[in-house]
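1. This is a predicted model, with the sequence first.
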Amino acid sequence: MDKVPILKMGDTLILAIQVELHDKMAIRLQEDILKEIHDTGARGLVIDVSALEVVDSFMGRVLSDTASMAGIMGVETALVGIRPEIAITLQEMGLELKGVHFALNLEKGMELLQNIGEIFYGED
Amino acid sequence: MAGKGALNISELLTKKEKEILDEWVKAQADNLASRRGLIPEKQQREDSARLLGVLVKAVAGGNLEDITAPEYDGVNRFLASLAASRANQGFSPSETATYIFSLKNIVFKFLQEEYSDRPEALLKAAIDFSALVDKLGLITFETYVKGREEVIREQQKSMLELSTPVIQIWDEILVSPLIGTIDSARARQIMENLLESIVATKSSIVIMDITGVPAVDTEVANRLLRTMQAAKLMGAECILTGIGPQISQTIVHLGVDLGGVITRASLRDGLTLAFKRLKLNVARAEG
């Protein structure tokens, strides 16, 4: 399993990262996401990391970069399911995840993006 | 090591163990502690017999100086348990140590009787034995202090646990009332408790109330900020409340950057804001 499936639900793309990504996989994932955004015209991206037990600086960087790239393409990104211990690690590493929204779980992430979408684009 | 003096003592102790014990127990009977009735005479005698027994075994090799040597293991172990049980029985550490030291007088008496014809050897033996008993007495002291430290650590731990509650006051709203000074160990505990609670209660708003925190300096503010950042990573919004006039003044004077954290003066205001965020409406029932 070296490809992370990207699901589409309404205007939102959903992907769950379940294994630690190595360099090649990370770059491929970024490409896949951006292509998918371009193809589908999605407005939201939810990345679920609840299955991850470790997030190192590389992983943090990949997530942050992906969110920035998606942001440039007009997509709001929500990172959901960060575990307490990972939250502490990320915070201690001082890794700044700019332009990313956070939610406790997938459901809340979807809700959050919905709300943001309403504020920015109005209901359509 | 096996000089004349050392030989004297181990020989003497082995030979006169019984007599020394009798004398020692008799001396203790006049002692203050046994008069207070803290310990039955029978147990006192047993303790003394055992201590003397292990001591005789330990000095048999002529070693009177290094009490960390393996032959002193028995002595050390017995002294540790003795100190612990005496402490439980209500003896003060100096009473326990005095008890050990009292062995000196008895042994000196026997030494004197035995070697009155050799004053030089007698002096050396007395000094050696005195130093040994001093060391043994100190062991009981150390054990006592260690026991105390253990108690203090336990209390500190339970205080730490008691002092960092996280309360769910409404669906999706957590309150963490902070009381007392916030050092780094506590900050860590607060952070862990809070994050675990966010997961357990699926909360999206965290109110940290610092009404009970006497002083906020740069360090404390940083610790609070770090906790809030970690909570934010888990999708919870943080509101800092209970900021009195004093604290708000210090924060501004110190130039602490609260980095866009939502702050309110009172817990009440924070709760109102939380309700607003969750689109909850609190109103008096009609009629």
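-> Received it, and whenever you're ready, just let me know what you need. Remember, it's a predicted structure, so these values are computed and weren't measured experimentally.
2. in stretch B:56-64, what counts as buried?
-> Neighbour counts over stretch B:56-64 (16 or more other Cβ atoms under 10 Å in any protein chain shown) mark B:56-59, B:62-64 as buried. C-beta: built from backbone N, CA, C; applies to glycine.
3. okay, who's weakest in these by pLDDT?
-> Across those, the smallest pLDDT goes to B:Gly62, namely 73.
4. That residue in helix, strand or coil?
-> With DSSP: H, G, I helix; E, B strand; the rest coil as the basis, B:Gly62 sits in coil.
5. isn't it right next to B:Ser10, touching?
-> Yes - applying Cβ atoms under 8 Å, one finds B:Gly62 in contact with B:Ser10, separated by 5.9 Å.
6. about what we covered before: can you tell me which of the buried residues of stretch B:56-64 is nearest B:Lys202?
-> Proximity of those to B:Lys202 was ranked by Cβ to Cβ; the top entry is B:Ala58 with 63.6 Å.
7. Can you point out the helix or strand that includes the closest one?
-> Applying DSSP states H and E as the criterion places B:Ala58 in helix B:41-59.
8. residues in contact with the spatially most central residue of chain A?
-> Nearest residue to the geometric centre of chain A (Cα atoms, centre = their mean): A:Ile47, 3.2 Å. Neighbour list for A:Ile47: A:15-17, A:63, A:66-67, A:77-80 [criterion: Cβ atoms under 8 Å, 6 or more residues apart in numbering or on different chains].
9. For those, which two are the farthest from each other?
-> Greatest spatial distance among the contacts of A:Ile47 (Cβ to Cβ): A:Ala16 and A:Ala67, at 15.8 Å.
10. neighbour count winner among the two?
-> More neighbours surround A:Ala67 than the other of A:Ala16 and A:Ala67, with 22 against 18 (other Cβ atoms under 10 Å in any protein chain shown).
11. what about the residue lying closest to A:Leu15 once chain neighbours are set aside, neighbour count?
-> Spatial nearest neighbour of A:Leu15, chain neighbours left out: A:Ile6 (4.8 Å); criterion: Cβ to Cβ, 6 or more residues apart in numbering or on different chains. By other Cβ under 10 Å, the residues close to A:Ile6 number 18.
12. Of all the residues in the stretch 51-200 of chain B, which one is nearest chain A?
-> Going by Cβ to the nearest Cβ, chain A is nearest to B:Leu195 of the stretch 51-200 of chain B, at 3.4 Å.
13. give me phi/psi at B:Lys16?
-> phi -100, psi 20 (degrees, to the nearest 10).
14. what's the closest residue to A:Ala67 other than its chain neighbours sitting at in phi/psi?
-> Excluding the flanking residues, the one nearest A:Ala67 by Cβ to Cβ, 6+ apart is A:Thr77, at 4.0 Å. A:Thr77 adopts backbone torsions of phi -110, psi 140, taken as degrees, to the nearest 10.
15. Contacts only, for A:Thr77.
-> Contacts of A:Thr77 were listed using Cβ under 8 Å, 6+ apart, and they are A:44-47, A:66-67, A:70-71, A:99-101.
16. again, only this time at 6 Å
-> Each residue near A:Thr77 by Cβ atoms under 6 Å, 6 or more residues apart in numbering or on different chains is listed here: A:45, A:67, A:70, A:100.
17. By neighbours, which of the residues you listed wins?
-> That'd be A:Leu45 among these, by other Cβ under 10 Å, with 28 neighbours.
18. That residue: what secondary structure?
-> Relying on three-state DSSP, one would call A:Leu45 strand.
19. Tell me the pLDDT of it.
-> Looking at A:Leu45, its pLDDT reads 92.
20. Need the residues that contact the helix or strand hosting B:Val252.
-> Assigned by DSSP H and E, B:Val252 belongs to helix B:245-254. With Cβ under 6 Å, 6+ apart as the test, helix B:245-254 has contacts from B:216, B:218.
21. which parts of that helix are buried?
-> Across helix B:245-254, burial judged by 16+ other Cβ under 10 Å covers B:247, B:250-251.
22. Please tabulate those in a markdown table and include pLDDT as additional columns.
-> Listed next are the buried residues of helix B:245-254 as a markdown table, based on pLDDT from 0 to 100:
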| residue | pLDDT |
| --- | --- |
| B:Ile247 | 87 |
| B:Thr250 | 86 |
| B:Ile251 | 85 |
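23. mind listing the helices for the chain?
-> Because you didn't say which chain, this covers chain A. A:23-40, A:57-72, A:84-93, A:106-121 (DSSP state H).
24. not quite, I wanted chain B
-> Ranges of helices in chain B, per DSSP H, are B:4-29, B:32-35, B:41-59, B:73-89, B:93-115, B:119-162, B:184-201, B:218-233, B:245-254, B:267-277.
25. Done for today, thanks.
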